[in-house]
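> this is a predicted model, with the sequence first.
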Amino acid sequence: MISMSYQQRAKSCPSIAGKKLLNLMDSKKTNLALSADVTTADELLQIAELVGPEICLLKTHIDIINNYTPELTRQLVNLAAQLEFMIFEDRKFADIGNTVKLQYEGGVYKIVEWADFTNAHSLPGPGIIEGLAVAGRKHHRGIFMLAEMSSTGNLLDKDYVEATLNMAQQFPDFVAGFITQHALTSDTHWINLTPGIKFEKGIDALGQQYNTPETAILENGTDIIIVGRGIIEAKNPVAEAKLYRHRAWDAYCKRIG
């Protein structure tokens, strides 16, 4: 269990984007990420503006936006600067190095130009990180490797998790951390993000398993909680975000003593 503060950990973080995120979490006093799974540009901008003051990270799925234009990502970048959060495009790359490089820097979305972070599966091998790094390093971006998922029946077993960690260790300046249910190592520079967070444990109709902020941060040793529907579908998303922020930050403060 890592008991150092985010600010202390930032000093030894070789990832430029990871260092920035750890320092932001410390200065803003939030370890809450919002999963903004909405389908229109207006909804995405609205929820980002409403909840932006409470979060360290906005997680997007840009390819589900029905009316996407490049103006949307320009406005998101402006909001991120104004409200002090970073942007994580949850792309989950899963192809050979040359293909993911083209997907990352080109196409319609040009993800590398506006997203501080993206993520990738380790299944294709280290070439996927190498391909993303060719584009990402030029923009001081970072990636999170998918180590564990919160859906029932997923195939990411212990061997897969260990292989993912070993692969990430080859690229510490570009891999900022992991999407995971548990901290994978005591190395302090990795940032561990946990999706599937609600105030009560449970499971939804499509197999999504939920844990509480305290379970993720205190028991499982992760750093950032990712909350989606628990905030977006609330009657008062801002008030709900404040509650998640408070509980997650309080759990972190208890962990570091």
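Looks like it arrived, so ask away.
> from here on, just use CA atoms for contacts and neighbour counts.
Noted.
> list the contacts for I224?
N31, L32, A33, I191, N192, L193, T194, I217, A248 (CA atoms under 8 Å, 6 or more residues apart in numbering).
> spatially nearest residue to the first one, not counting backbone neighbours?
If the residues on either side of it in the chain are set aside, N31 comes closest to I224, at 4.9 Å by CA to CA, 6 or more residues apart in numbering.
> kindly report the same for the fourth one.
On the basis of CA to CA, 6+ apart, the spatially nearest residue to I191 that is not a chain neighbour turns out to be G177, at 4.4 Å.
> same check, this time on the last one
What sits nearest to A248 in space, not counting adjacent residues and going by CA to CA, 6+ apart, is P213, at 5.3 Å.
> dump the residue contacts of F88.
Residues near F88 by CA under 8 Å, 6+ apart: L57, L58, K59, T60, A115, D116, F117, T118.
> surely it is within a strand?
Yes - residue state for F88 (DSSP: H, G, I helix; E, B strand; the rest coil) corresponds to a strand.
> pLDDT weak spots in the protein?
Scanning the chain for pLDDT under 70 picks out 150-152, 154, 201-209.
> helices along that one, start to end?
Applying DSSP state H to the chain gives helices spanning 6-10, 16-28, 41-51, 70-83, 97-105, 127-136, 158-168, 213-214, 229-232, 237-256.
> surely the residue nearest to I191 and T194 touch.
No - with contact defined as CA atoms under 8 Å, G177 does not count as touching T194 (11.1 Å).
> ok, back up a step: buried deepest among the helices of the chain, which one?
Among the helices of the chain, helix 213-214 has the highest mean neighbour count (mean count of other CA atoms under 10 Å), at a mean of 28.
> list the contacts of that helix.
The contact list for helix 213-214 (CA under 8 Å, 6+ apart) reads I197, K198, F199, I225, Y244, R247, A248, A251.
> tabulate the residues you listed in a markdown table, adding columns for distance to S5.
Listed next are those as a markdown table, based on distance: CA to CA, whole Å:
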| residue | distance to S5 |
| --- | --- |
| I197 | 22 |
| K198 | 24 |
| F199 | 24 |
| I225 | 16 |
| Y244 | 19 |
| R247 | 17 |
| A248 | 14 |
| A251 | 12 |
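> out of those, who's nearest Q170?
Minimum distance to Q170 across the contacts of helix 213-214 is 25.8 Å, recorded for I225 (CA to CA).
> still on that earlier bit, so which of the contacts of F88 is the most crowded?
Within these, most neighbours by other CA atoms under 10 Å means L57, with 28 neighbours.
> test my guess that that residue contacts I87.
Yes - shown here, L57 and I87 form a contact pair, counting by CA under 8 Å, at 5.6 Å.
> okay, now I62: neighbour count?
I62: 22 neighbours (other CA under 10 Å).
> start at 13, not 1
That works, and once the first residue is 13, the last one we named lands at I74.
> so how many other residues sit close to D185?
D185 has 20 neighbours, counted by other CA under 10 Å.
> and the contacts of helix 225-226, which is closest to L33?
Closest to L33 out of those is I237 (13.7 Å), distances taken as CA to CA.
> my guess is the closest one contacts I203. True?
No - with contact defined as CA under 8 Å, I237 does not count as touching I203 (11.1 Å).
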